[in-house]
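Asks: test case, fold it:
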Amino acid sequence: QVQLVESGGGPVQTGGSLRLSCAASGGRFSRYGVAWFRQAPGKEREFVAGMTWNGRETSYRDSLKGRFTISRDNAKNTIDLQMNSLNPEDTAIYYCAADTRYPYRGYVGRDYDCWGQGTQVTVSS
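Replies: Predicted coordinates for the structure are as follows:
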């Protein structure tokens, strides 16, 4: 079973950048699609970005295109999320996720079965 642990969250001012990282262990991480989600206070969890097992396909929430970039390093078993030009609306708990049900899937899904504990990102104005 894959375990995921996020890091890199914290406070940042409007216009700043953060890089989140997610470390995977305990499974064949390189076979699985991965993604980042976020949940703001009082709102539902929403998809941020995703990537296929081999990194060939990516998908982003429309409103975040151009500001956020997902990447993965299968040799290091990590998933990163580079976030630029942050604003207060980006304040949320950010979660990384993996889909271990469909290894080698060739597209980015929206449903995942393995989750990290989350890392808080707070953007102040």
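Asks: what does stretch 106-118 rub up against?
Replies: Contacts to stretch 106-118, defined as C-beta atoms under 8 Å, 6 or more residues apart in numbering, come from residues 1-2, 4-6, 22, 32-33, 35, 37, 39, 47, 50-52, 56-59, 93-102. Every C-beta, even on glycine, is put in place using the N, C-alpha and C of the backbone.
Asks: to clarify, my last question referred to stretch 3-22.
Replies: Outside stretch 3-22, the residues that touch it by C-beta under 8 Å, 6+ apart are 23-27, 34, 36, 78-88, 94-98, 114-125.
Asks: mind checking which of those residues are in strands?
Replies: Among the contacts of stretch 3-22, the residues falling in strands (DSSP state E) are 23-25, 34, 36, 78-83, 94-98, 114-115, 119-124.
Asks: give me the buried entries from these.
Replies: 23-24, 34, 36, 78-83, 94-98, 114-115, 119, 121, 123 (16 or more other C-beta atoms under 10 Å).
Asks: since that was my last question, I'll sign off now.
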